[in-house]
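>>> Next comes the sequence, and after it the predicted model I'd like to discuss.
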Amino acid sequence: MNIYINMLNKHFFTPVAIGMIAATIFASCGDSKKGDAKEDIIESQDTVKASVLNVGGELFSVPSPIQTALLIQKSGITYDKAVLSASNKVNTFTTDYSKALNLGIYGADLGYVSLYNQTQDALGYLASVKQLADKLGISAAFDASTMERIQKNVTNKDSMMVLVGIAYRGSDAYLKNNQRNDVSSLILTGGWIESMHFSVTAYKQKPNNDVKFRIAEQKQALVSLIKILGNNKTAEVVALTAQLTELAKIYESIGFKYTFAEPKDDTAKKITYINSTTVVEVTEEQIAKISDKIKEIRNKIVNATQS
C-alpha cells in the first residue's frame, strides 16, 4: 500500500469540492466592484484561499477556483487542450440538466486555460459559459460592462485568477436568492467532475504525491455532493447520483490520519509554520479505479445530446 505523508500540511485544501470554480463565473461578476484588475487584486488577496458556499443548506468549504489547476501546473505539466471539453458543443446540450453540468465543466476549463495564459481559448470558454448561462436563464449579472472587464483582462493571468475567484464566491448567493438550488448543485457537480478529470489525467501523465493526495482527499467532497443531489428526484439526477455513489464505494477504503504538532512562529518574518502532518493511505489500484469511473461519468455528461 502506498502511503503519502503530507509533511507541509496542505490542510487548507481540505477534502472538498475543488475546482468548482469559474464553474459559475456568470453568477456574480456584476456584484464585484467596478474598476481595473489592480483594484481587484488589492481587495481580493484571498483569491487562492478557501471560502464557504451554501447549496441547499449543505455547507462546502471550497478552496479557490484555481487551486487544482495551480497544483497541476506546479507539477510541471504543460498546457494540453486535449484535456478540455470542446467549447463549441454548447448547442448539443438540450436539457437543463446537461446545460447546468456542462456549465460547471466549462467554468473549470475557463479557469484552466486562464492559468496557462491561453488567451484565445479563454475567450472561447468565456463565450460558452455565457451562452449556457443565457440558456439557463441565470445570466442577469452578465452585463456589457462585466463582459468588457473580463475580456480586457483575459491576457493577464493574475487578473483573470482574481476575477474568476471573485465570481465564484458570489455565485452561490445569486443562485440561492433566485431559488435555483437545483441548477446550483449540478453546476457544482460539473465543476468538481472536471477538476477530478484534470487531476487523474495529470497523475496518469506524471505521477506525483501532491496530485495523488488531491485525488484522495476528495472523499468527503463526494459524500457532500451525493447528499445535495439526493434532494433532486428527477430521473437524470437519480442516475447521476447512482454513478457517484459507485465512485464513493471505491473511496471507502481510502483512509487519513492527522497528527497534530505545535506550530512555530517566526515573529521577525511574521510567519507561522504549520508542522502537523496528514497521512493518506491509497493504492495505485484505487487511483486507477477512480480514474476510470471519473472518465465514465464525464463522458456521459460532455457527450449528452438527447433532449
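That came through, no problem. Keep in mind the model is a prediction, meaning the values are calculated, not measured.
>>> those helices in the chain, which residues are they?
Counting by DSSP state H, the segments of the chain that form helices are 37-43, 67-74, 96-115, 119-136, 144-152, 157-177, 181-205, 209-216, 219-229, 235-251, 284-302.
>>> Need those helices in TSV (columns: mean neighbour count and mean pLDDT).
C-beta here means a position set from N, CA and C on the backbone, and glycine is covered the same way. As requested, the helices of the chain are exported to TSV (neighbours: other C-beta atoms under 10 Å; pLDDT from 0 to 100):
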stretch	mean neighbour count	mean pLDDT
helix 37-43	15	35
helix 67-74	22	84
helix 96-115	28	91
helix 119-136	20	89
helix 144-152	15	64
helix 157-177	22	61
helix 181-205	26	90
helix 209-216	21	91
helix 219-229	19	88
helix 235-251	16	97
helix 284-302	17	97
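>>> Select, out of these, the one closest to Ser276.
Across the helices of the chain, Ser276 has its closest neighbour in helix 209-216 (14.4 Å, C-beta to C-beta).
>>> Report all helices and strands that the closest one contacts.
strand 3-6, helix 67-74, helix 181-205, strand 277-281, helix 284-302 (3 or more C-beta pairs under 8 Å, 6 or more residues apart in numbering; DSSP states H and E).
>>> check contacts around the closest residue to Ile72 other than its chain neighbours.
Leaving aside its sequence neighbours, Ile72 sits nearest to Ala202 (C-beta to C-beta, 6 or more residues apart in numbering; 4.6 Å). If you count contacts by C-beta atoms under 8 Å, 6 or more residues apart in numbering, Ala202 has them with 72, 75, 77, 211.
>>> and those residues, which two are the farthest apart?
Ile77 and Val211, at 8.9 Å, using C-beta to C-beta across the contacts of Ala202.
>>> The residue nearest to Ile72 and Val183, how far apart?
In this view, Ala202 and Val183 are 29 Å apart by C-beta to C-beta, to the nearest Å.
>>> And for Glu217?
27 Å.
>>> do the same with Tyr125
19 Å.
>>> Lys81: which of the helices of the chain is closest?
helix 119-136 (6.6 Å).
>>> helices or strands next to the closest one in the packing?
Using 3+ C-beta pairs under 8 Å, 6+ apart, helix 119-136 sits against helix 96-115, helix 144-152.
>>> Distance to Ile193 added to these, as CSV?
Shown next, in CSV, are the helices and strands packed on helix 119-136 (distance: least, C-beta to C-beta, whole Å):
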stretch, distance to Ile193
helix 96-115, 7
helix 144-152, 24
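>>> so which of those helices comes closest to Met196?
helix 96-115 (9.6 Å).
>>> Would you check how far apart Thr234 and Gln73 are?
37 Å.
>>> do the same with Thr189
24 Å.
>>> repeat for Ala242
Ala242 is 34 Å from Gln73, by C-beta to C-beta.
>>> Same question for Ile228.
For Ile228, the distance to Gln73 - C-beta to C-beta - is 30 Å.
>>> Please apply the same query to Ser253.
For Ser253 relative to Gln73 (C-beta to C-beta), the value is 30 Å.
>>> same thing with Asp265?
Counting by C-beta to C-beta, the gap from Asp265 to Gln73 is 31 Å.
>>> Please verify my assumption that Ile226 contacts Lys249.
No: with contact defined as C-beta atoms under 8 Å, Ile226 does not reach Lys249; the gap is 11.0 Å.
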